[in-house]
Structures are given as C-alpha cells and as structure tokens.
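Participant: coords please:
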Amino acid sequence: MSILVIINLALMVGMIAILIYMHKKHVSFSKRVFTGLGLGVLLGTYLQFAYGSGSQVVADTAEWYNLVGRGYIRLLMMIVIPLIMVSIIQAITNLQKSSELGKMSLWIIGILVGTSMIAAVIGVGSSIAFDLNANDIEATQAEQDRGAYLEERLGDVEGLSTPAKILQFIPTNPFLDMTGDRSTSTIAVVIFSAFIGVALLGLRRRMPEQAEMFTKMVNAVHAVVMRIVTLVLRLTPFGILGLMANTVAKTDIAGIIALSKFVVASYVALFVMFLIHLLLISFTGLNPFTYVKKVLPVLGFAFTSRSSAGTIPLNVQAQKNNLGVNEGIANMSASFGATIGQNGCAGIYPAMLAVMIAPTVGINPLDPGFIVSLVLIVAISSFGVAGVGGGATFAALIVLSAMNLPVYLAGLLITIEPLIDMGRTALNVNGAMTSGTITSRVLGNLDTKRYNDKEAIEQDVSASMT
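Facilitator: Numbering: from 1, shown residues only. Prediction:
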C-alpha cells in the first residue's frame, strides 16, 4: 500500500470520526446523513483533482473505501428478504379479510405502472425539447465495446414475452428466491409471504391454537429482524460517505461535459416527474412539503447507492415511521417498487433513448403513433426490472428491441451512465414511496397524525439509534 493511499484512508477515518462525534452530540439522523453526503463529495472531489479519475491511486483507494460504502449496501441487502417476509406475514395477519390484500396490491401496482407511463411521456418531451440525437454523439472504442455488449445481452431478453416475464414472478422454489438468485426474487418472496399470511388467516378459524402459536413465533422473529434493521440503518451516514466519495472520485468529467446535453435533459425529466409525484400526493389532501422533508434522507441514500433493492429497508422504515403508512402497504410498495414500474429506469430512460435513436433509422420521433407505441411498450416492459445496477439497461434493451431500434447505440452513454443512474434510482424509490403513501391514504389506514407530525422523523430515528 502506497503512502498516498494511506493518507487517503486517514482522511476517510477523520470524516468518520466527525460523524461519530455528531452522533454522540445527538445531532439528528437526517443532518448526519446529509453531512455524510457532503463530506463524501468533498473527499471525492479532492481525489479527483489530486490524482485523476483513472489513476491507480484512486483505484486502490476506492477498494478500501468500498469496505464502508459497498459494505453497507451488502448489509442492507442482507436484511431485505427477512424484513419483507416477516413484515408482510405479520401485516396480513392484522387484516380482517384476505380480500384487503388484493386491494392493496392492485392500488400499488396500478400507481407504479401508471406513473411509469407518465414518466415515459416526460422522457419523450425532454428528449424532443433538448433535441437529442444519437447521430450527434461520437463513439470511441469504449462506446463501441459497450454497444457490442448490449447486442450480446439482447439475446437474453429479446424473446421474453410479457406473460413469460409475469410468470417469472411466481416462485417455484421460494428458498432459492430467498437467496436473491433471480432479478424477480424480491417479488417472488412477497408472493410466498402473502400465501403464508393468507393461510394463517384461514387457520385461525379452523385451528386457532396452532394459529396463535405461529403468530407468536412470527411476532418474535419480527422483533428480532426489526432490531437488526435498526443496527444496520444506524450506519447510513457512513455508508453514504464511502459511496459518494468513490462516485465523485471516479467520475469521468470530460465524458460528462461531452454529453452534458443528455445529462441536463435527463435531470430535467427526473425533476419534472418528481414534481408530479408531489402533485399526486397533494391530490390526496396531504402536504407535499411535509412528505419531502421526511423522505429526503432515503432519497439521498438511493442517489448515492444506485440500488432500489438496497434501499428497501430505509424505504419501509420511512413510510411506516415517518409518513404513517400501514406496515403491510409500506413493505409491499417498497418491494414491488424495486422491480415493477420504476419511473426512472423503466420509464424515463428507455423513452429518452428511443427518441434519441429513432432518427438514426429514419423514424420521426414526433409521430403520434411512435409515441403511443413507445408509452405502451414502456408500461409493459416495466414489469420485472431488477432493482440493482443494470436494471435500466435491461429495460432499455426490451423497449428498443420492441420498437425495432438498434440497441447498440445505447452504449454511447456509457461515460455518463453512473451519473444519471443516481437520479434515476432516487426517482424509482420516490415512486415506490409515493405509491405506498397514496394507497394507504385511499384505503383509509394512513396515520395522518404521524404524517403531519414534522418531528416524527427525528423522534423515531433518534429512538432507534440508541
């Protein structure tokens, strides 16, 4: 290990010490999260300008920083499946009728897919407004290699019909899905857990003693899992510090400048869609500004981690503790939102690519028939998008191939992929929380007192951090 890497590690340790000091002084959780974000940006900027994004020093340093950043994500992924299982089983046991489960699912999925269609329209509008055209982008060897890779991956998804994709949600071996073996494993575990919960409701009528025994066991496991969640979530400021430092340090600034028009167009579309989420929240009679304040720490982590699935534990906690969403709805919306109807990865991004690539094959992107077809295909393809890095690529492959557009041109954006993926992931997670909040409000089980309590986020997090 070189002396320069040791110096960089010392800087990271010093910033971690600052966050620990803030914790001991009982600084609020949200302030520590954003302090971690800011310190990560400063540290990454220093590495970027001191050594260069492609230097060996930065590469070696990033490996050590990954112990903090990626290590935290791995801990989050560790608790995703246990959290989903016990929370959904427990939530269903609290339902009066199993039919309530169907209403919850339909509302959540309907909102997720509906907003993904709106997101596609916004993506089309942004691409047209900024006059994006793949012909204007010069392809280097890296872009050509990326294009060839995408063409190879096309074979994995090209022949996959919509019924076949939906069929993948149904678990054949739930224990294999508990390992996260498939991109749809999260939804498969949700379905399996729902079956257990519904079976328990029926068991109460026929064998109440056994049902009571199983319920006590579930409650005990739930208490243990939630304690593990608390222990992991207290590491959030440190995880964000490591993730952001690496992201900024390894960013290709020259590539971003060259494709700055697409970056700006992407973030304009993401911001507009975020405003639409808030508009939908306000339509239900809730204060959108209160909502923003309570979800910002979660969105900050989603932005830095680029993992919708990894954000599920924070997503569930924020909905339940900060927004007053019913626990069952919170778990289902966070789980479904990591795989279905992702507004950023499966909505805006594929639509923008399609409009940008269409002129290269002589298609007018302003043609109403083209736009309608694109929006419908986006809605269909938004099922089963993986909630980890690469989900947007998967969605883009499906949409572009369905529209008979050359998929290799999507490789032109490889240099800015991490930067725009950060915003896409944050929007995905916000879409999931929006669907949960609206569903809980519509079904009449939203704790409005907790939602309107502006200090709820501070009280809950501070209590769980001790």
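
Participant: so how far is residue 86 from the residue nearest to the spatial centre of the chain?
Facilitator: Centroid check for the chain by C-alpha atoms, centre = their mean gives residue 308 as the closest residue, at 2.2 Å. Relative to residue 86, residue 308 is positioned 21 Å away (C-beta to C-beta, to the nearest Å). Glycine gets a C-beta too; all of them are placed from N, C-alpha and C.

Participant: check residue 418 too.
Facilitator: Note on residue 418: its distance to residue 86, by C-beta to C-beta, is 34 Å.

Participant: give me the more crowded residue out of the two.
Facilitator: residue 86 (23 against 15; other C-beta atoms under 10 Å).

Participant: now the more buried one. Nearest residue, chain neighbours left out?
Facilitator: Once flanking residues are discounted, residue 86 sits nearest to residue 222: 4.4 Å by C-beta to C-beta, 6 or more residues apart in numbering.

Participant: over to that neighbour: give its phi and psi.
Facilitator: Note on residue 222: backbone dihedrals following degrees, to the nearest 10 are phi -60, psi -40.

Participant: what distance do you get for it to residue 281?
Facilitator: From residue 222 across to residue 281, the span is 29 Å (C-beta to C-beta).

Participant: between the two, who's got more neighbours?
Facilitator: The residue with more neighbours, out of residue 222 and residue 281, is residue 281; 22 against 19, by other C-beta under 10 Å.

Participant: where in the stretch 251-400 of the chain is pLDDT low?
Facilitator: Along the stretch 251-400 of the chain, the model assigns pLDDT under 70 to residues 254-255, 258, 384-392.

Participant: where do the helices sit along it?
Facilitator: Using DSSP state H, counting those that start in this stretch, the helices of the stretch 251-400 of the chain run over residues 253-258, 260-283, 288-305, 312-317, 327-337, 349-357, 368-381, 391-402.

Participant: returning to what we had before: wait, the residue nearest to the centre of the chain sits on residue 340?
Facilitator: No: counting by C-beta atoms under 8 Å, residue 308 stays clear of residue 340, with 10.6 Å between them.

Participant: just to revisit the earlier point, who wins for proximity to residue 429 among the helices of the stretch 251-400 of the chain?
Facilitator: Between residue 429 and these, the shortest separation by C-beta to C-beta is 4.1 Å, and it involves helix 288-305.

Participant: what angle separates the closest one from helix 260-283?
Facilitator: Per axes from the mean of the first three to the mean of the last three C-alpha atoms, to 10 degrees, the angle that helix 288-305 makes with helix 260-283 is 140 degrees.

Participant: list the buried residues of helix 288-305.
Facilitator: Residues of helix 288-305 classed as buried by neighbour count (16 or more other C-beta atoms under 10 Å): 288, 290-291, 294-305.

Participant: before we move on, what about stretch 39-49?
Facilitator: For stretch 39-49, the neighbour count (16+ other C-beta under 10 Å) marks 39, 40, 41, 42, 43, 44, 47, 48 as buried.

Participant: check stretch 222-242 too.
Facilitator: Using 16+ other C-beta under 10 Å as the test for burial, stretch 222-242 gives 222, 225-226, 229-230, 232-234, 236-242.

Participant: now, which of the residues you listed lie within helices?
Facilitator: Using DSSP state H, the members of those that fall within helices are 222, 225-226, 229-230, 232-233, 236-242.

Participant: of these, which is the nearest to residue 264?
Facilitator: The closest of these to residue 264 turns out to be residue 240 (C-beta to C-beta; 24.6 Å).
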